[in-house]
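> Here is my input, please return the structure:
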Amino acid sequence: MSSPTPNYYATLGLHRRCTFDQIRAAYRLLAKQYHPDLNGSSDTFVALTQGLNAAYSVLADPERRESYDAECDSVENKARSAQTVRPGKKERNLAHDVLLRPDEFLRGARLEVRVKDPANPEGSEIYSLIIPPDTAPGSRFKVPRSGIFEDGYVTVRVKPSPDPRFKVREFDLRCDFRVSLERATQGGNEMIRGLSGHLRFQIPPHIDRGTLLRIPSEGLPRPRGGRGDMLVRITYRPAIHITRSVANRKNQT
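Here you go, the predicted structure:
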């Protein structure tokens, strides 16, 4: 009897549509976390590291990945055929949204998925899910459930008002930036803190209040690569000085 095909995508916490950059980023993140030297040389972490290396060696090679995907498709087709002839197959289609901060889409995150299903006599199921760096909002990840249960899916979305500095507009980030009256008049360079650190941008002379300045590729990751923009709205308060007129001064003498 042949051994079951390992789920290399699940090992790296990825979905089958992931890019090479996502594969590499997930591997590096997990390899660092699970390295035996950082975990007391435990046999468990040695086995985890070996599994990560095996998954990366296959998925990072285009030819080996294509062959592996074909093998997985064959196994899944056989499993579907078996389900049609074996009554009593327990199916639980699970789908859940998880809310992440904007910086977690850029830097990646590690989630723990807990499933409580009364149909599972073994009790709660716990799965580790890795969200790789540069994941776009709306991406969906498979959670391979054990046993006879169908896999679940997790969709990552942006938390509403997660950061008072930013407002999310699809893949763009919007924020306000207050400048002095002198800077609004003369223009010049300014610094603002974005998701990936401090950013320098140029303010043109005599800028109007409410003007939006665009900093390219400093927003959230896009599904097909690249990032949205950061839109900076300029605010300031005009200076107001009130003096008595000459006519009023003469009337008081």
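> ok, Tyr8 to Phe105 distance?
For Tyr8, the distance to Phe105 (C-beta to C-beta, to the nearest Å) stands at 23 Å. Heads up, the C-betas are built off the backbone N, CA and C, glycines and all.
> cool, Gly152 as well?
Using C-beta to C-beta, we find Gly152 at a distance of 21 Å from Phe105.
> Look at these two and report which has more neighbours.
Under the criterion of other C-beta atoms under 10 Å, the comparison of Gly152 against Phe105 puts Phe105 first, with 25 against 21.
> which residues does that one contact?
When the contact criterion is C-beta atoms under 8 Å, 6 or more residues apart in numbering, the partners of Phe105 are 131, 134-137, 156, 158, 220-221.
> What of Arg157?
With contact set as C-beta under 8 Å, 6+ apart, Arg157 has these partners: 97-100, 137-138.
> Same check on Cys18?
Under the criterion of C-beta under 8 Å, 6+ apart, the contact partners of Cys18 comprise 9, 26, 132.
> try Thr135
Each residue near Thr135 by C-beta under 8 Å, 6+ apart is listed here: 22, 105, 108, 156, 221.
> So for stretch 219-230, mean pLDDT?
Model confidence over stretch 219-230 averages 89 on the pLDDT scale.
> Stretch 98-112 now?
In this model, stretch 98-112 has an average pLDDT of 86.
> Report the secondary structure state of Leu111.
When the structure is reduced to helix, strand and coil (DSSP: H, G, I helix; E, B strand; the rest coil), Leu111 reads as strand.
> Roughly how far does it sit from Pro160?
Going from Leu111 to Pro160 by C-beta to C-beta gives 19 Å.
> can you count the residues close to Leu106?
Neighbours of Leu106 under the rule other C-beta under 10 Å: 19.
> from memory it sits against Gly197, does it?
No. In terms of C-beta atoms under 8 Å, Leu106 does not count as a neighbour of Gly197; the distance is 10.7 Å.
> Which of the helices or strands spans the residue nearest to the spatial centre of the chain?
The structure's the chain has its C-alpha centroid closest to Phe105; by C-alpha atoms, centre = their mean the separation is 2.1 Å. Phe105 is part of helix 102-107, with elements assigned from DSSP states H and E.
> hey, what's the residue lying closest to Gly210 once chain neighbours are set aside bridged with?
The spatially closest residue to Gly210, leaving aside those adjacent along the chain, is Arg233, at 6.2 Å (C-beta to C-beta, 6 or more residues apart in numbering). Partner residues in beta bridges with Arg233: Asp176, Leu212, with DSSP bridges as the criterion.
> Which one's more surrounded, Leu111 and Pro160?
Legend: neighbour count by other C-beta under 10 Å for Leu111 and Pro160, higher for Leu111 (17 against 8).
> Next, the contact list for the nearest residue to that one once chain neighbours are set aside, please.
Leaving aside its chain neighbours, Leu111 sits nearest to Leu129 (4.4 Å; criterion: C-beta to C-beta, 6+ apart). Neighbour list for Leu129: 13, 110-113, 141, 143, 154 [criterion: C-beta under 8 Å, 6+ apart].
> at 6 Å instead, please
Under the criterion of C-beta atoms under 6 Å, 6 or more residues apart in numbering, the contact partners of Leu129 comprise 13, 111, 113.
> of these, closest to Asp176?
Proximity of the contacts of Leu129 to Asp176 was ranked by C-beta to C-beta; the top entry is Leu111 with 31.7 Å.
> Any figure for the gap between the closest one and Ile131?
6 Å.
> Please apply the same query to Phe45.
21 Å.
> Which one's more surrounded, these two?
Neighbour totals were compared for Phe45 and Ile131, and Ile131 leads with 23 against 17 (other C-beta under 10 Å).
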